[in-house]
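>>> mind looking at a prediction? Sequence and model below.
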Amino acid sequence: KQEVTQIPAALSVPEGENLVLNCSFTDSAIYNLQWFRQDPGKGLTSLLLIQSSQREQTSGRLNASLDKSSGRSTLYIAASQPGDSATYLCAVPYNQGGKLIFGQGTELSVKP
Amino acid sequence: DTGVSQDPRHKITKRGQNVTFRCDPISEHNRLYWYRQTLGQGPEFLTYFQNEAQLEKSRLLSDRFSAERPKGSFSTLEIQRTEQGDSAMYLCASSSTDRVDEKLFFGSGTQLSVL
């Protein structure tokens, strides 16, 4: 049974710092891995999706990496800003379809 | 706006009442998903449709819950005889099987509070 874990549950950093969020999964036979952002009381916004054949994806200040063999993914945020404050969730598909298994999320706070 | 829309955004109800939520997916998407999210947790899968067919239901979806997607477009999620434990954010997402990555796009959710 696939399980997805995110550590830490919460992270507070000063503005401008580079940071890494971690995601681990127990079954390495995944099709892709997706990172989402969720603002309080809101829905999820997709940030990056990494296919199983890829090792990383970049979008602006965000870089996501994937190491299937070790069951880990990281989301790197460069030069963090207060507007980056949100909960970040990673998710993997249960099978080839779109049904996703989510981690618990990391709540990020970037202090000005 | 061509994103996923959900209605209502917030619903407060008394225990024992029935509630219904609506989701309008992105128009060209053939798959529609319902998830439930409680505070401090990631979303949990409830059910999904491909066109009008309901293909899978989680065991989290008790017999008080029913979902429909009658014409393969919008979907409704009904909860009968609500309980306090039903209080959560109900999220809808849609995707297209035409996409290789089948990326999910989420709506803003319906926050349910059962008093």
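That came through, no problem.

>>> tell me the contacts of residue 110?
I'll assume chain A. Listed by C-beta atoms under 8 Å, 6 or more residues apart in numbering or on different chains, the contact set of residue A:110 reads A:12, A:13, A:14, A:15, A:17, A:80, A:81, A:82, A:83, A:84, A:85. (C-beta placed from N, C-alpha, C; glycine too.)

>>> please go with chain B instead
By C-beta under 8 Å, 6+ apart, the residues touching residue B:110 are B:6, B:7, B:8, B:9, B:10, B:11, B:21, B:89, B:90.

>>> now the fourth one: how far from residue B:110?
Using C-beta to C-beta, to the nearest Å, we find residue B:9 at a distance of 6 Å from residue B:110.

>>> for the chain, what spans make up the strands?
All of this refers to chain A. Per DSSP state E, chain A has strands spanning A:4-7, A:10-14, A:19-25, A:32-38, A:44-51, A:56-59, A:62-67, A:72-77, A:86-93, A:100-102, A:106-111. These are given in chain order.

>>> think we crossed wires, I meant chain B
Counting by DSSP E, the strands of chain B are B:5-7, B:10-13, B:19-24, B:31-37, B:44-50, B:53-57, B:65-68, B:75-79, B:88-95, B:105-106, B:110-114.

>>> quick one: mean pLDDT over the third one.
Within the predicted structure, the mean pLDDT of strand B:19-24 is 98.

>>> which secondary structure elements does it sit against?
strand B:5-7, strand B:10-13, strand B:75-79, strand B:88-95, strand B:110-114 (3 or more C-beta pairs under 8 Å, 6 or more residues apart in numbering or on different chains; DSSP states H and E).

>>> can we see that at 7 Å?
strand B:5-7, strand B:75-79 (3 or more C-beta pairs under 7 Å, 6 or more residues apart in numbering or on different chains; DSSP states H and E).

>>> from what I can see residue B:80 touches residue B:18, true?
Yes. Counting by C-beta atoms under 7 Å, residue B:80 does reach residue B:18; the two are 4.9 Å apart.

>>> partners of the closest residue in space to residue B:15 that isn't next to it in sequence in the sheet?
Distances taken as C-beta to C-beta, 6 or more residues apart in numbering or on different chains put residue B:114 closest to residue B:15, at 5.6 Å, once the chain neighbours are dropped. Judged by DSSP bridges, the bridge partners of residue B:114 are residue B:13.

>>> my read: residue B:114 touches residue B:79, true?
No. With contact defined as C-beta under 7 Å, residue B:114 does not reach residue B:79; the gap is 8.8 Å.
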